[in-house]
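K.L.:
I'll drop the sequence and a predicted model, then ask my questions.
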Amino acid sequence: MIHGRNTKQLGVVWATLLVAIYLVYRLESNMPALHEILLPAYFIFVGLGLLATWKWLRLRSPKDRRGDDRRLADRRDDLDDPPATS
């Protein structure tokens, strides 16, 4: 599924998110009163990671039709027909 794809970008995203989650955990362990406020941060970080992973997989899927330049084909059709002169 990820054969031939650069996983460095995905690794950087997840490493950054894990560091952010660790920092929130350390803040929560130092200030337990913030537990209720910081609890949604875990879900937000995991959600961002899943969103980034989905976008990474989707943008590099074999069904991606944006790889070809379709405008070039349109220009070739225009060049075959000489402009009309009056």
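P.N.:
Ah, there it is.

K.L.:
make it CA atoms for all contacts and neighbour counts henceforth
P.N.:
Fine.

K.L.:
Name the residues that touch stretch 6-22?
P.N.:
The contact list for stretch 6-22, computed with Cα atoms under 8 Å, 6 or more residues apart in numbering, reads A41, Y42, F45, V46, G49, A52, T53, W56.

K.L.:
export the residues you listed to CSV and tack on secondary structure?
P.N.:
Shown next, in CSV, are the contacts of stretch 6-22 (DSSP: H, G, I helix; E, B strand; the rest coil):
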residue, secondary structure
A41, helix
Y42, helix
F45, helix
V46, helix
G49, helix
A52, helix
T53, helix
W56, helix
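
K.L.:
So which of the residues you listed wins on neighbours?
P.N.:
Per-residue neighbour counts (other Cα atoms under 10 Å) across the contacts of stretch 6-22 peak at G49, which has 19 neighbours.

K.L.:
What values do phi and psi take at the nearest residue to that one once chain neighbours are set aside?
P.N.:
Nearest residue to G49 in three dimensions, chain neighbours excluded: W14, at 6.3 Å (Cα to Cα, 6 or more residues apart in numbering). Note on W14: its backbone torsions stand at phi -70, psi -40 [degrees, to the nearest 10].

K.L.:
Tell me how many other residues surround W14.
P.N.:
Per other Cα under 10 Å, the neighbour tally for W14 reads 19.

K.L.:
all helices for the chain, in order.
P.N.:
Remark: helices assigned in the chain by DSSP state H are 8-30, 35-59, 70-80.

K.L.:
Please list all residues in contact with E28.
P.N.:
Contacts here follow Cα under 8 Å, 6+ apart; on that basis E28 touches L34, H35, L38.

K.L.:
re the thing from before, report the separation between the residue nearest to G49 and E36.
P.N.:
For W14, the distance to E36 equals 24 Å [Cα to Cα, to the nearest Å].
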